[in-house]
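>>> one predicted model, sequence on top.
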Amino acid sequence: MALIVQKFGGSSVADAEGIRRVARRIAQTKRAGNDVVAIVSAMGDTTDDLIDLANEVTKKPPAREMDILLTAGERISMALLAMAVNDLGIEAHAYTGQQAGLKTDNKYGRASIVGVIPERIVRTIKSGAVAIVAGFQGVNVETNDVTTLGRGGSDTTAVAFAAALNADACEIYTDVDGVFSADPRVVPAARQIKVMTYEETLELAAHGAKVLHLRAVEFARRYKVPLHVRSSFSDKEGTWIVDENSTKINATEAPAVSGVSHDRSQGKVSIVGVSDAPGSASKIFAIVAQADGNIDMIVQNTSLTNPGISNISFTVPSEQVEDVVAALEAHKEDIGFREIQTVKSIGILSIVGEGMRSHTGISARLFDTLAKEGVNIDMISTSEIRISVVVDPERLEEAARAVHSAFGLDSQLGEAVVYGGTGR
């Protein structure tokens, strides 16, 4: 007997038939002799609909009340799913994040998990029933207020409970058959990856891949939770995400590049005419941090024609650009710069692979491919297993397809199947 945590995204429970299909999978897993804890997202576009409704009522919804509103979506789906599982003859009990024991800090809308005390879930499992938990939500340990974990937080909920319960595996069900070498909606020739390391998955998730939430992968790596990403619309084996020392990792040499990701969610901020002196960068990024700017890439260019002056460019999520610029402008005299230039939406293309640690010529092939496509590179960022470039967002998708082909990642098995519409 194994303990399995199963997470089902919004596209998997988008309607009554989807909920019944998910219930059958839970019942099948339970009847196979396993204990099951299911984490469920809101149905379909429910969260977006609730946000739109709040914005119709007021231009500035209070963060506390917004979290109360948004947790309603998961409460609906958890209750309906419990009903459907019970209808199949399997006892199931639904719990909100608060009832299940997920504790968070006080940051409404983007709370961090500070602990999981799954006492009621453990009792439910011991009784032989299935526990169904609302994802995306918890309770503030100081105020007892409901909080949400941010978009994609149901993935993090699932991994947190898998870690707290010492589960044998955490299955993340979505509308594709696993993790692919690129987004199959953009690169139809993308191929499924059978096994990936936490590090590869983190890099892909951080740079535009949408199948897994970044914080969930970080949680899984920290607590060594094996993740199995698969589709709720088929019975195919999905993608295992494990530690690099796992026995699931093939002994053969890792490919130079495992995947290509693309991201349109970032903007660029360029601070022009900054003093090239110790402390300038420190002042800038301390202010960005105070404005809650989440920086991805940074480039500093020192002027050859005007010694002592430099320009600093960095990327942040598009929705943070205005707040970051406002914070920097408020400290213009203290920092000392000429002007700030912004691009609200940029395109970031990334290639990722464990094999990049040992293979040479990867960057040359990437840049050569983009040059042949006539795609200009604006910024470059690297890690041991990743190279990211900023390109024209209008050319991003065709660049992704070209790079995917250049590194021999195209599948020979035909186009990937996308069963739903979101990839989550």
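Cool, the structure landed. This one's a predicted model, so the numbers in the text were calculated from it and none came from an experiment.
>>> remind me which residues of the stretch 151-300 of the chain are low pLDDT?
208-209, 211, 245-254 (pLDDT under 70).
>>> just the helices in it please.
153-164, 198-206, 214-223, 280-290 (DSSP state H, counting those that start in this stretch).
>>> so which bits of the last one are buried?
For helix 280-290, a neighbour-count test (16 or more other CB atoms under 10 Å) marks 280-281, 283-284, 287-288 as buried. The C-beta positions use only the backbone N, C-alpha and C, and glycine is treated the same way.
>>> contacting residues for Val130?
With contact taken as CB atoms under 8 Å, 6 or more residues apart in numbering, Val130 is in contact with 26, 30, 36-38, 85, 90-93, 124.
>>> repeat for Phe367
Ile377.
>>> quick one: which of the contacts of Val130 sit in helices?
With DSSP state H as the criterion, helices contain 26, 30, 85, 124 from among the contacts of Val130.
>>> need these in JSON lines (columns: pLDDT).
Output for the ones in helices among the contacts of Val130, formatted as JSON lines (pLDDT from 0 to 100):
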{"residue": "Ile26", "pLDDT": "97"}
{"residue": "Lys30", "pLDDT": "97"}
{"residue": "Val85", "pLDDT": "98"}
{"residue": "Thr124", "pLDDT": "98"}
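>>> out of the residues you listed, which comes closest to Asn144?
Thr124 (22.2 Å; CB to CB).
>>> please look at the closest one and His93 and confirm they touch.
Yes. Taking contacts as CB atoms under 8 Å, Thr124 lies within contact range of His93: 5.4 Å.
>>> quick revisit: dump the ones in helices among the contacts of Val130 to CSV, plus neighbour count and distance to Ala14.
Below are the ones in helices among the contacts of Val130 laid out as CSV (neighbours: other CB atoms under 10 Å; distance: CB to CB, whole Å):
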residue, neighbour count, distance to Ala14
Ile26, 26, 17
Lys30, 22, 23
Val85, 28, 17
Thr124, 22, 26
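>>> turn those residues into TSV, columns for distance to Asp334.
Output for these, formatted as TSV (distance: CB to CB, whole Å):
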residue	distance to Asp334
Ile26	57
Lys30	61
Val85	59
Thr124	56
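>>> for Arg185, state which of those residues is nearest.
Set against Arg185, the nearest of the ones in helices among the contacts of Val130 by CB to CB is Ile26 (27.6 Å).
>>> now for the closest residue to Val316 other than its chain neighbours: which residues touch it?
Leaving aside its chain neighbours, Val316 sits nearest to Gly293 (4.7 Å; criterion: CB to CB, 6 or more residues apart in numbering). By CB under 8 Å, 6+ apart, the contact set of Gly293 is 316, 320, 323-324, 327.
>>> mind doing that once more with 7 Å?
Contacts for Gly293 (CB atoms under 7 Å, 6 or more residues apart in numbering) come out as 316, 320, 324.
>>> separation between it and Val321?
9 Å (CB to CB, to the nearest Å).
>>> now do Ala167 against Ala286, distance only.
Relative to Ala286, and taking CB to CB, Ala167 is found at 40 Å.
>>> check Asp52 too.
36 Å.
>>> what do you get for Leu370?
Using CB to CB, Leu370 is found at 35 Å from Ala286.
>>> over to Glu329?
Distance from Glu329 to Ala286, by CB to CB: 15 Å.
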